[in-house]
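Compute the structure for the input listed below.
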Amino acid sequence: MAMRLCILGSGSAGNCALLQTDQARVLIDVGFSSRRTRELLSAAGEKWENIDAIFITHDHGDHTAGISGLAKYPHVKLFANAATARAVQQGLTFQPSWQIFQTGSRFRFRDLEIDSFSVPHDAHDPVGFRFSVGFDDDLFAPRKSLAWLTDLGHVPQHVRERLKDCDSIVVESNHCPNLLQACVTRPWSTKQRISGRHGHLSNEGVRELLSGIASPRWRHVFLTHLSRDCNSLDAVETMLAPLRQTLSCEFRIVAPGGGTPFYEW
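Residues are numbered from 1 along each chain as shown. Coordinates of the predicted model:
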């Protein structure tokens, strides 16, 4: 069993990723318009008609903008918890194929096992996900897993535990505290929200997280959701420098508005 991940786009303008397994083609968030998502899928060699489901982390527009176009694709199942579904449904003129899960639950979709967990962010019941295929005790189909963790102000212990045994991790490295405070386009209240315990994770926060739970199992770590104005590739690279010396996994910094090629494991 294999997992293939392509981050289609990441940042305040939109977030969306394509996850493929032997039996499923799913999106993680859909923060671009349906038309733009179609273009991004096409560039990745995929199309809307082949997408089986979308997993929604929370209701903010940069993670849900494309849901309004799902009326054209009624076959796509939309996985969200009840609070997120209610918040998103209020802005829709049709009823998507909601698949409601309870935060903290573990459930299956085709060959995927999905572990949902709460994260601290200023949205309606935001979550992170751990996606797995295979089995712990099967030599022919060993378990492979991906943790998806964006939009959180700090990292509670229950979140840390979800990351230790994963093969690949996607985590936000949203802002550099110095660049955030120096930003002239954001009012003080917005800066407080971003840097607060229910805001976004800083570069330093990511470094503390990864160094504190470093695992030899990790193969890929993706740094995502970078602020275009309050972070930089150089700032993230400086943060990563000591981790590169101690961790053998591959690091990929996703530029604001950018994506990645496919990664398989």
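
Could you report the neighbour count for Val30?
Counted with other C-beta atoms under 10 Å, the burial measure for Val30 works out to 28 neighbours. Quick note: C-beta positions are derived from backbone N, CA and C, even for glycine.

roughly how far apart are Ala182 and Ala235?
Distance, Ala182 to Ala235, by C-beta to C-beta, to the nearest Å: 12 Å.

Apologies, that question was intended for Trp218.
Using C-beta to C-beta, Trp218 is found at 22 Å from Ala235.

who's more crowded, Ala182 and Ala235?
Ala235 (20 against 11).

buried ones in the helix or strand harbouring Arg36?
Counting by DSSP states H and E, the element that carries Arg36 is helix 34-43. By neighbour count on 16 or more other C-beta atoms under 10 Å, the buried set for helix 34-43 is 34, 36-38, 40-41.

same check, this time on stretch 120-138
Residues of stretch 120-138 classed as buried by neighbour count (16+ other C-beta under 10 Å): 120-134.

Looking at those, spot the one nearest Val26.
For those, the residue nearest Val26 by C-beta to C-beta is Phe131; the value is 8.3 Å.

my guess is that closest one contacts Asp111, does it?
No: Phe131 sits out of contact with Asp111 when judged by C-beta atoms under 8 Å, with a separation of 10.4 Å.

And for Gly91, the neighbour number?
The number of residues packed around Gly91, counting by other C-beta under 10 Å, is 12.

Let me see the backbone angles for it.
Torsion angles at Gly91 (phi, psi; degrees, to the nearest 10) stand at phi -100, psi 10.

Make sure it is actually in contact with Asp59.
No: because the distance of 9.0 Å does not satisfy C-beta under 8 Å, Gly91 is recorded as not touching Asp59.

Just give me the residue right at the centre of this protein.
With distances taken as C-alpha atoms, centre = their mean, the chain has Trp148 as the residue nearest its mean C-alpha position (4.2 Å).

Let's see the distance spanning stretch 71-80 from one end to the other.
Across its full length, stretch 71-80 reaches 17 Å between end residues, using C-alpha to C-alpha, to the nearest Å.

go on, stretch 250-265?
With C-alpha to C-alpha as the measure, the first residue of stretch 250-265 is 12 Å from its last.

Over to stretch 124-142?
With C-alpha to C-alpha as the measure, the first residue of stretch 124-142 is 35 Å from its last.

How about stretch 258-265?
Where stretch 258-265 begins and where it ends lie 22 Å apart, using C-alpha to C-alpha.

Buried ones in it, by neighbour count?
259-260, 263.

now the strands for the stretch 1-150 of the chain?
In the stretch 1-150 of the chain, strands defined by DSSP state E, counting those that start in this stretch lie at 4-9, 16-20, 25-30, 53-55, 77-81, 97-101, 106-109, 112-118, 127-133, 144-149, listed in chain order.

Serialize those strands to CSV and add fields for mean pLDDT.
Shown next, in CSV, are the strands of the stretch 1-150 of the chain (pLDDT from 0 to 100):
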stretch, mean pLDDT
strand 4-9, 98
strand 16-20, 98
strand 25-30, 98
strand 53-55, 99
strand 77-81, 98
strand 97-101, 98
strand 106-109, 98
strand 112-118, 98
strand 127-133, 98
strand 144-149, 98
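
Which of these sits closest to Thr64?
With C-beta to C-beta as the measure, strand 25-30 is the member of the strands of the stretch 1-150 of the chain nearest Thr64 (6.6 Å).

same for that closest one, what does it pack against?
Contacts of strand 25-30 with other secondary structure elements, assessed using 3 or more C-beta pairs under 8 Å, 6 or more residues apart in numbering; DSSP states H and E, are made with strand 16-20, strand 53-55, helix 61-64.

For these, could you give me TSV that also reports distance to Arg197 and mean neighbour count?
Formatted as TSV, the entries for these read as follows, by distance: least, C-beta to C-beta, whole Å; neighbours: other C-beta atoms under 10 Å:
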stretch	distance to Arg197	mean neighbour count
strand 16-20	26	23
strand 53-55	25	24
helix 61-64	20	21
